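1. Could you look at this predicted model? Sequence included:
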Amino acid sequence: MQPEQLLPGPFRPTDSPWFWGCAFGLMALVGMALIAPKFAVRQRQIEGRFLGRQQAAIERSRRAAGMPAIDLAEEARDREVVAPGRIVPLWTLATAAGLATLASAAMLRREWLAASRSPPDGDECSPPDGDERRPPDGDERSPPTD
């Protein structure tokens, strides 16, 4: 390896996992925004089936207990009346993706600021010029001079 390859170069955001977390989070938010109308229709169908199965289970338990049977067709209700909102709304997933994206962006910015403040040559451990650790003048422990 060449010595110049060991020196850190400029900050490259694509080398940071926070960049990719932010990018994928943004893509998830865009995807959810595009699919939201179809999600609402599909989720309404799934929840309607769930509510129907729930009513059928209640009817089975009534029959098993010896209670009089109820005609499920007569008792059928409009899904929007039974459950006006979604049982599983899309905003919960969008909120989680948004928070993950914001956290990734904040960490990426923090990493970028830390990289911009570090010395360009990457030598963070050497003392500044003229600040060599020597004992004060007149100290008996100072090394002998030739």
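-> Yes, it's here.

2. quick one: the helices in the chain?
-> Counting by DSSP state H, the chain forms helices over residues 3-6, 17-64, 72-75, 79-82, 90-117, given from the N-terminal end onward.

3. Adding mean neighbour count, write those out as TSV.
-> (Each C-beta comes from the backbone N, C-alpha and C, glycine too.) Converted to TSV, these look like this (neighbours: other C-beta atoms under 10 Å):
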stretch	mean neighbour count
helix 3-6	7
helix 17-64	13
helix 72-75	8
helix 79-82	12
helix 90-117	14
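
4. Tabulate those helices (TSV), appending mean pLDDT.
-> What follows is the helices of the chain, written out as TSV (pLDDT from 0 to 100):
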stretch	mean pLDDT
helix 3-6	55
helix 17-64	90
helix 72-75	65
helix 79-82	54
helix 90-117	92
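
5. list the contacts for Leu93?
-> Contacts were defined as C-beta atoms under 8 Å, 6 or more residues apart in numbering; by that measure Leu93 touches Met32.

6. so how far is Ala100 from it?
-> Computed as C-beta to C-beta, to the nearest Å, the Leu93 to Ala100 distance reads 11 Å.

7. And for Phe11?
-> When Phe11 is compared with Ala100 (using C-beta to C-beta), they lie 22 Å apart.

8. and if you look at Gln55?
-> In terms of C-beta to C-beta, Gln55 sits 38 Å off from Ala100.
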